[in-house]
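Enquirer: what's the 3D shape of this:
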Amino acid sequence: MTVTESAVAAAAVDPLAGDSSVAAATRNPRAALTRTLFLLGAAALLATVFLLSLWVGARGIGFGEIWQALWHPDAGETSYIVHEMRMSRATLALVVGAALGVAGALIQALTRNPLADTGILGVGAGANVAVVIAIGLLGVTAISQYMWFAFIGAIIVTVLVYALGSVGSAGATPVRLTLVGIALGAVLGGFASAITMLNPNSFDDMLRWSAGSLAGRGWSTLVVVAVPIAVGLLLGAIAGRPLNAISLGDDLARSLGANVLRTRVLVIIAVTLLAGAATAAAGPIGFVGLMVPHVVRWFTGPDQRWIIPFSAVGAALLLLTSDVVGRVILAPQELEVGIVTAFVGAPVLILLARRTKVSTL
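Expert: Just a heads-up that it's a prediction; the model follows:
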């Protein structure tokens, strides 16, 4: 038996064995312990920032008052601010951040491109054009109403991208999905701009949503997006192992017993639910799903079973921290969280491009 045959035979037992870096990371107990400690440390830092977010706001509230409101809520103004305004906003930041991080990790793994994001599937373009149609043509004004349009638009466009990318004998390859998504996104972006220019005064309420904002979102918004995001996170966790096999290439993945088509469909459904719900709730927030999975790969290596949970915690931490910074930097005014993440993400990605080569998955 040749060396290549031995590697394939080992990989048939464990798909991770076909990639030495993944296999080594998986079988090294010390590396696994280190990653677990990093993950727990990030979770502890996330909890700290969460408590800090309850303290930061236009009205000063002491930690003692916050503690009292958390454990002994009443009908007073302080309890209302803590529970209904700040806690709901912070919780939504955690959920939306985790959704964007996992969606970014999944789409990067599916396309084998560490600089891909959910925009290549048309999620943002679909949500944006649906909101424009709802406001400009249907007269919808409340965010609680056009959030549903954004979610439905994201789903429809993603399904359309996959359907168009599947035409032909080659099927829905990552390259075809990327090209179709970019082309369709450009067309929809032009269509949305045309409608907006016809009656720009009607879209004043859309400006904050389109900038990426968590302001004004309550528990009702979280209830709407909680189920699709929970399902998307579950599907993403299930897809971790088969994505490791697909990282070796479609042909080798099939020889190892991985169902490539089923995995792609599973990942696309997960990405649609995660990115669609997150975009509907907070608007198009850039760089989170692109930057976080790329950065956490430094700590995790190529194993998707580590990348996915690290991306969830890391993206939640980034989004919540950005929201807190946005409330502080222009106090008593607020800077939208999408603007803060853009200011943070762009320099980081430029630094990555200058200091390192783009890693492979």
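
Enquirer: when you work out contacts or count neighbours from here on, use the C-alpha atoms and nothing else.
Expert: OK.

Enquirer: in the strand or helix carrying residue 206, which residues are buried?
Expert: Per DSSP states H and E: residue 206 is located in helix 204-211. Buried residues in helix 204-211, counted by 16 or more other C-alpha atoms under 10 Å: 206, 208-211.

Enquirer: so for that helix, mean pLDDT?
Expert: Across helix 204-211, the average pLDDT comes to 72.

Enquirer: ok now the next helix-or-strand element following it, how far from the chain's centre?
Expert: Sequence order places helix 219-238 as the next helix or strand after helix 204-211, per DSSP H and E. Centre-to-centre, helix 219-238 and its host chain are 12 Å apart (C-alpha atoms, centre = their mean, to the nearest Å).

Enquirer: tell me which other helices or strands helix 219-238 touches.
Expert: helix 88-111, helix 260-282, helix 304-329 (3 or more C-alpha pairs under 8 Å, 6 or more residues apart in numbering; DSSP states H and E).

Enquirer: Throw these into CSV and include mean pLDDT, mean neighbour count and distance to residue 126, thanks.
Expert: Listed next are the helices and strands packed on helix 219-238 as CSV, based on pLDDT from 0 to 100; neighbours: other C-alpha atoms under 10 Å; distance: least, C-alpha to C-alpha, whole Å:
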stretch, mean pLDDT, mean neighbour count, distance to residue 126
helix 88-111, 92, 28, 16
helix 260-282, 88, 25, 9
helix 304-329, 93, 24, 22
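
Enquirer: can you redo these as CSV with distance to residue 298?
Expert: Formatted as CSV, the helices and strands packed on helix 219-238 follow (distance: least, C-alpha to C-alpha, whole Å):
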stretch, distance to residue 298
helix 88-111, 13
helix 260-282, 23
helix 304-329, 10
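
Enquirer: so where's the protein shaky on pLDDT?
Expert: By pLDDT under 70, the weakly predicted segments of the chain are 1-27, 58, 60, 62, 143, 169-172, 202, 204-205, 352-353, 355-361.

Enquirer: now the angle between helix 88-111 and the host helix or strand of residue 35, please.
Expert: In this assignment (DSSP H and E), residue 35 forms part of helix 29-55. With axes from the mean of the first three to the mean of the last three C-alpha atoms, to 10 degrees defining the directions, helix 29-55 sits at 150 degrees from helix 88-111.

Enquirer: touching, residue 42 and residue 312? I think so.
Expert: No. Judged on C-alpha atoms under 8 Å, residue 42 makes no contact with residue 312 at a distance of 10.5 Å.

Enquirer: got the contact list for stretch 82-95?
Expert: For stretch 82-95, the surrounding residues in contact (C-alpha atoms under 8 Å, 6 or more residues apart in numbering) are 50, 53-54, 66, 69-70, 214-219, 222, 226, 229, 316-317, 319-320, 323.

Enquirer: could you turn the buried ones of these into a ChimeraX selection?
Expert: The buried subset of the contacts of stretch 82-95, as determined by 16+ other C-alpha under 10 Å, is captured in ChimeraX by this line:
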select :50,53,54,66,69,214,215,217,218,222,226,229,316,317,319,320,323
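
Enquirer: distance from stretch 73-80 to the middle of the chain?
Expert: Its chain's C-alpha centre and that of stretch 73-80 lie 33 Å apart, by C-alpha atoms, centre = their mean.

Enquirer: for stretch 119-127, output the C-alpha coordinates as PDB.
Expert: C-alpha atoms of stretch 119-127 as PDB (Å, rounded to 0.1, in the frame of the first residue of the first chain):
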ATOM      1  CA  GLY A 119     -23.100  38.700   1.000                       C
ATOM      2  CA  ILE A 120     -22.100  36.200  -1.800                       C
ATOM      3  CA  LEU A 121     -25.400  34.400  -1.300                       C
ATOM      4  CA  GLY A 122     -27.400  37.600  -1.700                       C
ATOM      5  CA  VAL A 123     -28.700  37.600   1.900                       C
ATOM      6  CA  GLY A 124     -28.100  41.300   2.500                       C
ATOM      7  CA  ALA A 125     -29.300  42.300  -1.000                       C
ATOM      8  CA  GLY A 126     -32.500  40.300  -0.600                       C
ATOM      9  CA  ALA A 127     -33.200  41.800   2.700                       C
END
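
Enquirer: now do the helix holding residue 35: distance to the chain's middle.
Expert: Centre-to-centre, helix 29-55 and its host chain are 19 Å apart (C-alpha atoms, centre = their mean).
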